[in-house]
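K.L.:
got a sequence here, can you model it:
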Amino acid sequence: MTPLYQDEALLVFDKPAGLLSVPGRLPENKDSLALRVQAIWPDALIVHRLDMATSGLIVMARGPEAHRTLSIAFAERRVHKRYVAVVAGQVRDDAGEVDLPLITDWPNRPKQMIDHDIGKPSLTRYRVIERATDRTRVELEPVTGRSHQLRVHMMALGHPIIGDVFYAPPEVQALSSRLLLHAERLELPHPVSGEALHFEAPAAF
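P.N.:
The predicted structure is shown next:
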């Protein structure tokens, strides 16, 4: 794995779609970004994750102190992420937000679902980049960081992400061989200097 950025405290990668962030439980799911990176940088530790189907920017800490500092930055929402996605249909409003609580759909794991009684607060902001006949390119900002948040929120808005095998109907899944969701921008404070770092990795779709 070749990092987009590296120093003594952190590493930043552009994860390809189809690669797990961390090893799965089954032997066939051991290959992952974490495993590949740790083979070169043994002190590298995962701070956050991207879905296997999602591509884009992901940061890893080098050593426990950097890991602790970055984890706190994520918890305090001092890390800002922007995704680009292509969704089915034409999104009506130029910008807006989806504020719907999410919880794991246990019988159908890893799927998530909306639950107004016991779901965790979840907020996504969106902005239309471009509209086409049957699809819309959008920028997504997850204010909270729930599992599958962007995928469920876009589905709930009536515009599932193209290629989403969990939440899109078959005809929308069939429009792409991969999930059209990519973590395009990442802003975070450096765990040692506190300097504001900005990274970008354009989507391949």
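K.L.:
ramachandran angles for the residue nearest the centre of the chain?
P.N.:
In the chain, the residue lying closest to the centroid (CA atoms, centre = their mean) is residue 50, at 4.4 Å. Per-residue torsions, residue 50: phi -120, psi 150 (degrees, to the nearest 10).
K.L.:
which ones are touching it?
P.N.:
15, 21, 56, 58, 183 (CB atoms under 8 Å, 6 or more residues apart in numbering). C-beta: built from backbone N, CA, C; applies to glycine.
K.L.:
and which of these is nearest residue 175?
P.N.:
residue 56 (19.8 Å; CB to CB).
K.L.:
number of nearby residues for the closest one?
P.N.:
25 (other CB atoms under 10 Å).
K.L.:
could we number from 208 for the rest of this?
P.N.:
Okay, residue one is now 208; in that scheme the one you just asked about reads as residue 263.
K.L.:
what residues are up against the closest residue to it other than its chain neighbours?
P.N.:
Excluding the flanking residues, the one nearest residue 263 by CB to CB, 6 or more residues apart in numbering is residue 390, at 2.8 Å. By CB under 8 Å, 6+ apart, the contact set of residue 390 is 222, 257, 261, 262, 263, 264, 265, 288, 289, 290, 408.
K.L.:
element containing residue 390, please.
P.N.:
Element membership for residue 390, per DSSP states H and E: strand 388-396.
K.L.:
now the helix or strand following that strand: how far from the chain's centre is it?
P.N.:
Using DSSP H and E, the next helix or strand after strand 388-396 towards the C-terminus is strand 403-407. Here strand 403-407 is found 16 Å from its chain centre; the criterion is CA atoms, centre = their mean, to the nearest Å.
K.L.:
quick one: mean pLDDT over the lengthiest helix in the chain.
P.N.:
As assigned by DSSP state H, the longest helix anywhere in the chain is helix 271-282. Computed over helix 271-282, the mean pLDDT rounds to 97.
K.L.:
and that helix, what other elements does it pack with?
P.N.:
Contacts defined by 3 or more CB pairs under 8 Å, 6 or more residues apart in numbering; DSSP states H and E place helix 271-282 against strand 251-253, strand 262-269, strand 388-396.
K.L.:
out of those, indicate the one that is most buried.
P.N.:
Mean neighbours per residue, mean count of other CB atoms under 10 Å, is largest over these for strand 262-269, with a mean of 24.
K.L.:
for that strand, packing partners?
P.N.:
Counting by 3+ CB pairs under 8 Å, 6+ apart, the packing neighbours recorded for strand 262-269 are strand 217-222, helix 240-245, strand 251-253, helix 271-282, strand 388-396.
K.L.:
for those, which one sits closest to residue 370?
P.N.:
With CB to CB as the criterion, residue 370 lies closest to strand 388-396 of those, at 8.2 Å.
K.L.:
what's the angle from that closest one to helix 271-282?
P.N.:
Here strand 388-396 runs at an angle of 110 degrees relative to helix 271-282 (axes from the mean of the first three to the mean of the last three CA atoms, to 10 degrees).
K.L.:
got the angle for strand 388-396 vs strand 403-407?
P.N.:
160 degrees.
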